[in-house]
Each structure stands twice: as C-alpha cells, then as structure tokens.
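Undergrad: Have a look at this prediction, sequence included:
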Amino acid sequence: MRQWIRFLLLSGLLLVSAASLAGDISRKQRKQLEDIQTAYASTIRWGSMEDALAYLDPEQRKADPLSEFELRRYSQLRVSSYRERSTAALPNGIVERRVEVGVININTQAERTVGVIERWRWDPDTKRWWQTNGLPDLWQGQ
C-alpha cells in the first residue's frame, strides 16, 4: 500500500513539473515550434544543408560560421529518414528534441542511423524559434 501511495505521489509530482515547464510556452509558441520543426525536418530530409542554415540561431552562425569544406561534406550524404523520438522542455526555456536520422553515403551506398539532438530557443524580439545546436553531425561513429 505504501508503495502505491509513493508511486501516486511521484507520478503527481512529475505531472506537475511537466505542466509547469509546458506552461512557460504559450499555445501560439508551441504551434510555431511544431511548424518550424516540421519545416526544418523537411529541409534536412529533402532540401540542402545550406537551406537548413536559415533555421540556426543567427548569433551562433555569426560566432561559428561553417566553412565551405564543411558544407561540401554534406553533399556526399543523402538523408533517407528523419524521425522524432522525443521532445522535452528544459528549465531555461529551451526545447530539446531527439531525432533519429537515416543517412546514406552516396559514394558507398551504405546506410546508417544517427541520433541527433536539436535544441530550440524562443527569440522574443523576432518572435520565432531558432535551432541552437547547429547542423546535425551526420558522421558520428566514423
């Protein structure tokens, strides 16, 4: 019986903490986040990494710009799948999304799966979400 009560209390605390984190983001902001994440996923899947740069935080792009070499490496890969695995609101207003990306090397035709973490921050000045973790590292484990 005590374990059952403890379980219910812990479950209640988890729900309250999740609700408080989700409460930091308005319904409109959540909708905008869903829309921009869908567009970003489509760009990664069907577009080019140069197009995906438009979703990255401008401050990060300025502080750590990608070289021409880094951009050219992406042209040797094709994204075959892009699946969201989980999303979590972090205490500092950042939303973290874990994604599984299928990648095909166009030279070897070898396919593999890579786990990617995206972090999205709300910019109140521009009223939009920015991806702050950079372009996905599709060469993990190589």
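TA: That came through, no problem. Residues are numbered from 1 along each chain as shown.
Undergrad: Every contact and neighbour count from this point should use C-alpha atoms.
TA: Noted.
Undergrad: Can you report how many residues lie near K62?
TA: Per other Cα atoms under 10 Å, the neighbour tally for K62 reads 9.
Undergrad: ok but K62 is inside a strand, no?
TA: No. According to DSSP: H, G, I helix; E, B strand; the rest coil, the state of K62 is helix, so it is not within a strand.
Undergrad: ok, which stretches of the protein are strands?
TA: With DSSP state E as the criterion, the chain has strands at 77-89, 95-105, 111-123, 128-131.
Undergrad: of all those strands, which lies closest to S26?
TA: strand 111-123 (10.9 Å; Cα to Cα).
Undergrad: Return the distance of the closest one from the chain's centre.
TA: 4 Å (Cα atoms, centre = their mean, to the nearest Å).
Undergrad: Same question for stretch 97-113.
TA: Here stretch 97-113 is found 16 Å from its chain centre; the criterion is Cα atoms, centre = their mean.
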